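Visitor: Quick one, structure for this:
(chains A and B)
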Amino acid sequence: MKRTLISELSEKIGERVRIRGWVHTVRDQKRVQFLVIRDESGLAQVVAAKEEPPSELNEAVSALTAESAVTVVGTVIADDRVNLGGLEVRLEELQVDSLADAELPIALDSALDKRMDWRYLDLRRPDRRLIFEVQTTAEHAMREFWHREKFIELHTPKFMGSASESGAELFKVEYFDREAYLAQSPQFYKQMAIAAGLGKVFEVGPVFRANPSFTSRHDTEFTSVDVEIAWIDSHDDVMAFEEQWLAHVLARVKETHGADIEETFGSEVVVPALPFPRVTLERAKQLLRERGHEAPGPLDDLDPPSERALSAIVSEQQGHEFTFVTDYPTTVRPFYHMRHADRPELTKSFDLLWRGIELTTGAQREHRYEQLLAQAEDKGVDVGPIQYYLDFFRFGAPPHGGFGFGLTRLLMQLLGQDNVREVTFLYRGPHRLEP
RNA sequence: GGGGGCGUAGCUCAGCAGGUUAGAGCGCUGCCCUGUCACGGCAGAGGUCGCGGGUUCGAGUCCCGUCGCUCCCGCCA
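Guide: The predicted structure is shown next:
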């Protein structure tokens, strides 16, 4: 007999069905037994009259434990007394596919770290499933847009012979008789694709950061969304692409899950207006000062409290959740970010803030070999190990730029969660390698 | 790496200025209950109070160390 999803039961009233799922609750009374079965589509009540003495079926129901995996055969009956959709399944056969231990190690209100220990139980909660449905929709919408715009999808190697950026946050691994590093970014390789003439490229893939970061928005392995575009005139072209792409993604998420997200997580999905507000770092600092926010920390960057404050100011003044902050000084940007011709101390770079958190870093890249070399030396970068990268720009490289984008940070903000661990299937952090 | 908070039953927590057998709710086990729907009722089991030292007549409670968790900062996506 074919399996019926619980969401389809209302179309099968009077029919015999086979449903498969988990025991949500057991209410074993004197005269009647109720089971609530949960599958990926919903909850359903299953009922069995108790016989005197109890039948084998009654005994089997009594022996069930919560979260056991079961297969139930019965007849669908409409009954107004039932709160769950006004229908129930009259139990005829019960097969216990896997009996769960009686006592579960976590509850609905368990602490995050404990829930991480038992992630597969944590994820059985229906509202957690929505997280990954939204992720699926968001990624699909991203690809939809890229595909329409004729982007090429990349799969770059995650083993590297040398650092792709700073070098301070690399995981070192054994690689036969030498050492290799886990890629902390596909940065160099997506630029290589530009030098290779692929035009516009993207990659959705894992990146590894050996930072001992203990915050709600960092992990040591996460899914990075990377984009690189050739033949641009400036970083403005990159921002223009990103805002259209993101607006498309959020529109798709809203139309598919907007109501569910609001109901489940109390977070409204807002499709952003175009263009997004843009503000230079200089102007951002000025805005913050005007509004009485003392921007502490380094003078040439925004610390997290300042980013939150800036987002709040822009939201209040312009009614927009997104803010591009542009033109960061060379001191806080990598050597390959292109510098402004008229103000060489500033880069043609940007960050994208959403609801107070950093979602993206992007820039126009320096594609002129001599200039790139000079900037590397200026930043004190040892060019020896990255000569292969510099070589990309020796045989005709188009002007280009792109951005890196944190997928889990998007999801966290989208679903009003306060921690990336909630929206990561399996979190990896400095002290978390299991399960 | 720096700073704050926390670590007591399976889970979530309470625990007085240090003082006799360490508590609650949920869960679990057993019994009872004509349809429940977070079912309800009664009873019961379950804890080296993270670990190691120290102070004290006496420490879950104070001190030191250590491990773990958590948040913020740094770093970044």
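Visitor: and stretch A:24-43, average pLDDT?
Guide: Per-region confidence: stretch A:24-43 scores 92 on mean pLDDT.
Visitor: sorry, that was for stretch A:242-258
Guide: 97.
Visitor: Check what contacts it and list those residues.
Guide: For stretch A:242-258, contacts defined as C-beta atoms under 8 Å, 6 or more residues apart in numbering pick out A:130, A:133-134, A:137-138, A:140-142, A:144-146, A:227, A:261, A:268-272, A:274-276, A:322, A:324, A:352, A:360, A:362, A:403, A:405, A:414. C-beta: built from backbone N, CA, C; applies to glycine.
Visitor: chain center to the longest helix belonging to chain A: distance?
Guide: For chain A, the longest helix by residue count, based on DSSP state H, is helix A:235-265. Its chain's C-alpha centre and that of helix A:235-265 lie 13 Å apart, by C-alpha atoms, centre = their mean, to the nearest Å.
Visitor: Report the buried residues of that helix.
Guide: A:235-239, A:241-243, A:245-250, A:252-254, A:256-258, A:261, A:264-265 (16 or more other C-beta atoms under 10 Å).
Visitor: again with stretch A:102-112
Guide: A:Ser110.
Visitor: what's the answer for stretch A:141-154, then?
Guide: Buried, per 16+ other C-beta under 10 Å, within stretch A:141-154: A:141-142, A:145-146, A:151, A:154.
Visitor: Check the residues you listed and tell me the two furthest apart.
Guide: Greatest spatial distance among the buried residues of stretch A:141-154 (C-beta to C-beta): A:Ala141 and A:Leu154, at 18.9 Å.
Visitor: residue ranges of the helices in chain A, please?
Guide: A:56-62, A:112-117, A:119-122, A:126-148, A:187-195, A:235-265, A:281-290, A:304-318, A:369-378, A:387-391, A:407-414, A:420-423.
Visitor: Show me what the fifth one is packed against.
Guide: Under the contact criterion of 3 or more C-beta pairs under 8 Å, 6 or more residues apart in numbering; DSSP states H and E, helix A:187-195 touches strand A:200-208, strand A:221-230, helix A:387-391, strand A:400-406.
Visitor: Touching that helix from outside, list them.
Guide: A:152, A:154, A:156-157, A:164-165, A:201, A:203, A:226-228, A:230, A:336, A:365, A:386, A:389, A:392-393, A:395-398, A:400, A:402, A:404.
Visitor: Tell me how many other residues surround A:Lys200.
Guide: For A:Lys200, the neighbour count with other C-beta atoms under 10 Å is 20.
Visitor: A:Glu290 versus the closest residue to A:Thr156 other than its chain neighbours, what's the distance?
Guide: The spatial neighbour of A:Thr156 that comes closest, neighbours along the chain excluded (C-beta to C-beta, 6 or more residues apart in numbering), is A:Tyr189 at 3.8 Å. Distance, A:Tyr189 to A:Glu290, by C-beta to C-beta, to the nearest Å: 42 Å.
Visitor: In terms of neighbours, single out the busier of those two.
Guide: Neighbours were counted for A:Tyr189 and for A:Glu290 using other C-beta under 10 Å; A:Tyr189 has more, 22 against 9.
Visitor: Show me the shaky parts of the stretch 51-200 of chain A.
Guide: Residues of the stretch 51-200 of chain A meeting the criterion pLDDT under 70: A:164-168.
Visitor: How about stretch A:337-344, which residues are buried there?
Guide: Within stretch A:337-344, the residues that count as buried by 16+ other C-beta under 10 Å are A:337-340.
Visitor: Next, the distance between the ends of it.
Guide: The straight-line separation of the ends of stretch A:337-344 (C-alpha to C-alpha, to the nearest Å) is 11 Å.
Visitor: May I see the PyMOL selection of the buried members of the contacts of stretch A:242-258?
Guide: In PyMOL, this line selects whichever of the contacts of stretch A:242-258 come out buried by 16+ other C-beta under 10 Å:
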select buried, chain A and resi 130+134+137+138+141+142+145+146+227+261+269+271+272+276+322+324+352+360+362+403+405+414
